[in-house]
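*Asks:* Just a sequence and a predicted model for now, questions to come.
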Amino acid sequence: MCNTPRKPPMISPIVYSLFNSPINLPNYPKGQLSYRLFPDGESYIRFEDNLEGKEILFLDSLDHPNEKTIPLILAANTAKELGAKSVGLAAPYLAYMRQDKRFSPGEAVTSVYFAKLISDSFDWLLTIDPHLHRYKSLNDIYTIPTYCLSATELISGWIIKNVDHPVLIGPDSESDQWVAQIARAINAPYTVLEKVRLGDKNVEVSIPEMGKYKNRTPILVDDIISTGQTMIKTLHHLKALETKVPICIGVHAIFANITTSALLQAGAGKVITCNTIYHDSNEIDVSPLIYQTITGI
Ligand code: R5P
């Protein structure tokens with residue numbers, strides 16, 4: 001779980017995004033940079049600003065990490081070579097956090113190697129609700145200063161404003177950290193289910209005990225919606241239990257080869273996510289969270 005971070009070492013950064021970012025930091029100048037791919041797929045990068053002595057902030061989420069990480073690393077190294085005073089990365093979604101142990105012999109523990117790649121090229125990293133499961137903190141694998149923010153307060157605010165009488169459901173033990181915190185903030189009951197992953201797109205989720213919550217709206221909360229199967233299996237249980245129409249809330253809208261409509265068809269009345277990754281379900285804006293942390297307000 002993330003703790004309240006210290007302020008990143010920036011006063012007035014120039015902000016660059018190589019990929020479209022839904023995050024809006026209007027008070028900082030936007031840098032001018034050309035980024036494109038050569039016909040062979042290699043990256044072409046050119047800064048159009050003078051970077052000498054400047055604080056640089058790259059603002060790009062790391063969904064589709066294999067596509068995005070190499071260009072970002074190349075850009076960070078260019079910025080340093082061109083004289084930037086510091087180069088930070090604000091990645092609202094941080095990839096490669098889930099392979100945090102060798103589950104089978106011979107497997108790559110990719111979280112460690114990915115952390116090394118980022119730590120070697122950036123001076124600091126800011127992110128929102130990284131998937132901290134077996135790691136206690138990002139410092140377990142990142143060697144640069146890290147600033148770990150959480151969207152739980154914003155999610156709590158959304159629920160208070162939009163739902164009367166909720167009951168929160170965390171679909172697996174990892175979601176406990178988010179669900180418990182939100183439930184405390186909005187003074188609502190919660191339950192956490194047990195999940196078994198049988199394959200990349202195949203999970204089993206235990207049946208929630210909803211008997212005493214029939215008059216409440218179930219709100220499923222998870223950090224990541226990827227294949228959507230965790231949410232879908234939980235929605236099937238709720239449908240069979242004939243609860244009120246549930247709402248799904250995810251922090252990070254990965255939506256790998258699936259659309260919101262699959263969750264709606266499975267019984268969700270609404271699917272809400274934070275805009276850490278562009279998606280049509282984005283309804284909670286995390287820009288103020290990032291802005292306030294950088295400015296130290
Ligand atoms: C993993 O433990 C995460 O907290 C999410 O539950 C998981 O990533 C969701 O994946 P999917 O949408 O593929 O079921």
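*Replies:* Yep, that arrived.

*Asks:* Please list the residues of the stretch 101-250 of the chain that sit near the ligand.
*Replies:* 171-172, 174-175, 203, 222-230 (CB under 6 Å from any ligand atom). Glycine gets a C-beta too; all of them are placed from N, C-alpha and C.

*Asks:* Now rank the residues you listed by neighbours and give me the top one.
*Replies:* Neighbour counts for these were taken using other CB atoms under 10 Å; the highest belongs to residue 225, which has 28 neighbours.

*Asks:* before we move on, back to that, which members of the residues of the stretch 101-250 of the chain next to the ligand occur in strands, if any?
*Replies:* Those of those mapping onto strands are 203, 222, 223, 224, 225, per DSSP state E.

*Asks:* which of those residues sit farthest apart?
*Replies:* Taking every pair in these and measuring CB to CB, the maximum separation is 14.7 Å, between 203 and 223.

*Asks:* what's near enough to touch residue 115?
*Replies:* For residue 115, the contacting residues are 96, 138, 141, 142, 143, by CB atoms under 8 Å, 6 or more residues apart in numbering.

*Asks:* switch the cut-off to 10 Å
*Replies:* Taking CB atoms under 10 Å, 6 or more residues apart in numbering as the criterion, residue 115 is in contact with 94, 96-97, 125, 135, 138-144, 146.

*Asks:* Which elements pack onto the helix or strand where residue 252 lies?
*Replies:* Residue 252 is located in strand 247-253, with elements delineated by DSSP states H and E. Packing partners of strand 247-253 (3 or more CB pairs under 10 Å, 6 or more residues apart in numbering; DSSP states H and E): helix 152-162, strand 166-170, helix 176-186, strand 217-225, helix 229-240, helix 260-265, strand 270-274, strand 282-284.

*Asks:* Give the next helix or strand downstream of the shortest one.
*Replies:* To tie it back to what came earlier, the one meant is strand 282-284. helix 287-295.

*Asks:* And the contacts of that next one?
*Replies:* By CB under 10 Å, 6+ apart, the list of residues contacting helix 287-295 from outside reads 4-8, 10-13, 15, 21-28, 55, 57, 59, 88, 90, 92, 126-128, 147-151, 153-154, 274-276, 297.

*Asks:* Out of the contacts of residue 115, which end up buried?
*Replies:* Burial by neighbour count, judged by 16 or more other CB atoms under 10 Å, picks out 94, 96, 97, 125, 135, 138, 141, 142, 144, 146 from these.

*Asks:* tell me which of those residues is nearest to the ligand?
*Replies:* Distances from the ligand to those, taken as CB to the nearest ligand atom, are shortest for residue 97 (9.5 Å).

*Asks:* Which phi and psi values does the closest one adopt?
*Replies:* phi -110, psi -20 (degrees, to the nearest 10).

*Asks:* which ones are touching it?
*Replies:* Contacts of residue 97 by CB under 10 Å, 6+ apart are 62, 110-111, 114-115, 127, 130-135, 138, 141, 223-224.

*Asks:* Please flag which of the residues you listed sit within strands.
*Replies:* If you go by DSSP E, those have 127, 223, 224 in strands.

*Asks:* gap between the second one and residue 130?
*Replies:* Taken as CB to CB, to the nearest Å, the spacing of residue 223 relative to residue 130 amounts to 8 Å.

*Asks:* Mind listing the shared neighbours of the two?
*Replies:* If you check residue 223 and residue 130 against CB under 10 Å, 6+ apart, the residues they both contact are 93, 97, 150, 251, 252.

*Asks:* neighbours of the third one, just the number please.
*Replies:* The local packing of residue 150 (other CB under 10 Å) involves 23 other residues.

*Asks:* Perfect, I'm done here.
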